[in-house]
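A.B. asks: Could you work out the structure for the sequence below:
(2 chains)
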Amino acid sequence: MHRTGELFGQYRTLEQQKETASLGMWVFLVTEILFFGGVFLAYTINRHAFPTAFGIGGNMLDLNLGFANTIVLIASSFTMAMSVWSAQTSHKKLVPIFLILTLVLGSVFLGIKVVEYKQKFDHHLIPGHSFDISYCSKNPTACGLSGKALEDEKKEIEEGIQAEKGNPKDPDEGGLVALNAHAQLYFSLYFGMTGLHALHMIIGAGLLFWLILEARKGRFDANYNTPVDNIGLYWHFVDIVWIFLFPLLYLINRHLA
Amino acid sequence: MADHSEHIVSPKVYAAILAALLVGTVLTVEAAKINLGRWNIILALTIATIKMSLVILFFMHGKYSSRRTQLVIVAGFFWLAIMLGLTLQDYSTRHAEPSRSQINDPATTVFLRS
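C.D. replies: Now for the predicted structure:
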């Protein structure tokens, strides 16, 4: 009874019922905006306090993988929007197809993220005991660094050490110790922010999986498509978070790299 | 409440938005490679904000939502602006020196010396 889209007693029209569902989803998304907003605020304050270490940390990320993930996620938002369109226009056969495409693209995103996390683990960029921002410049073969890229990285680390020596916020600590401390702050935020985002993606993938099962039964059409619409809103929101994460985390100081 | 039929956004519009978002992504990467000083971050956030607006207005049907829903969306960003704005103005002025007029003001001087 709950999933067939008939009018419930407290609403006057189906239109009003649908609008209420959409409004409720948006209220939830507003809490999500403020939830992520707090993390973005923490990032902004720390980046402002430690611009050098954050710039170096940002350049340690793989721009190609981050760029690919941005494209993949934007494409998944498009397929999600198309599944909503399919439901609204009663193309019942198309709904699950676009939903499956969305799920596949979302999985590709998470797969690329796993590759990136593994790379950071190999490069000693996980905050903790073995963290060392200069690891790759000291062990270039382990990181596959050579030639100009290696020279650039060595130069960047050296400049970072010099900059941290003169950091008035840490007059007692010099060079690499301070740089490592502040770079760990960057990577803590990197893993915290992308991890929270990935968690939302995993939840979204679970919701999509359920939607696909329902859509294959032909449940969603012009008359009833609230679940597709609302999970679509959630999926687009997660896309928006990444639209901001990508430039903030990956592109800080690319012109210096 | 007046009954209005649901607005269906055509696939052509969705495709156009997809194209715009992809162009925006390429633009933001290319712009980041040029040294623009402090304008790098401003440009990056401007492009991200435009991309976000396109997603909200078209993919999320914000443009075609009821006034009530639009109010909730705007309210969300209004509260976000309060959180970001007030916190950052605190952080950015913590080490500020008092101005000369404040120093010359006897009341302020007493306060500063206490």
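A.B. asks: Could you list the low-confidence segments of the chain?
C.D. replies: Unless you meant another one, I'm taking chain A. A:1-4, A:166-174, A:256-257 (pLDDT under 70).
A.B. asks: you looked at the wrong chain, it should be chain B
C.D. replies: The model of chain B has pLDDT under 70 over residues B:1-5, B:96-114.
A.B. asks: how about a cut-off of 50?
C.D. replies: Residues of chain B that meet the criterion pLDDT under 50 lie in B:1-4, B:113-114.
A.B. asks: ok, residue A:132 - how many residues close by?
C.D. replies: Residues lying near residue A:132 (other Cβ atoms under 10 Å in any protein chain shown) number 17. No exception for glycine: its C-beta is placed from N, CA and C like everyone else's.
A.B. asks: and the longest helix for the chain?
C.D. replies: No chain specified, so I'll use chain A. Secondary structure of chain A per DSSP state H: the longest helix is helix A:176-216.
A.B. asks: Sorry, I should have been clearer: chain B.
C.D. replies: Per DSSP H, chain B has its longest helix at helix B:67-93.
A.B. asks: anything in that helix sitting right up against chain A?
C.D. replies: Yes. Helix B:67-93 lies within reach of chain A by Cβ under 8 Å from any Cβ of the partner chain, at B:68-69, B:72-73, B:75-77, B:79-80, B:83-84, B:87-88, B:91-92.
A.B. asks: and the residue nearest the centre of chain B, what element?
C.D. replies: Ranked by distance to the mean C-alpha position of chain B (Cα atoms, centre = their mean), the top residue is residue B:49 at 6.2 Å. Assigned by DSSP states H and E, residue B:49 belongs to helix B:39-54.
A.B. asks: For that helix, name the packing helices and strands.
C.D. replies: helix A:226-250, helix B:11-32 (3 or more Cβ pairs under 8 Å, 6 or more residues apart in numbering or on different chains; DSSP states H and E).
A.B. asks: wait, which of the residues of helix B:67-93 next to chain A is closest to chain A?
C.D. replies: Relative to chain A, the closest of these is residue B:76; by Cβ to the nearest Cβ it sits at 3.4 Å.
A.B. asks: The closest one and residue A:36 touch, don't they?
C.D. replies: No. Applying Cβ atoms under 8 Å as the test, residue B:76 and residue A:36 come out as separate, 11.1 Å apart.
A.B. asks: Please identify the buried residues of the longest helix of chain B?
C.D. replies: B:69, B:72-73, B:76, B:80 (16 or more other Cβ atoms under 10 Å in any protein chain shown).
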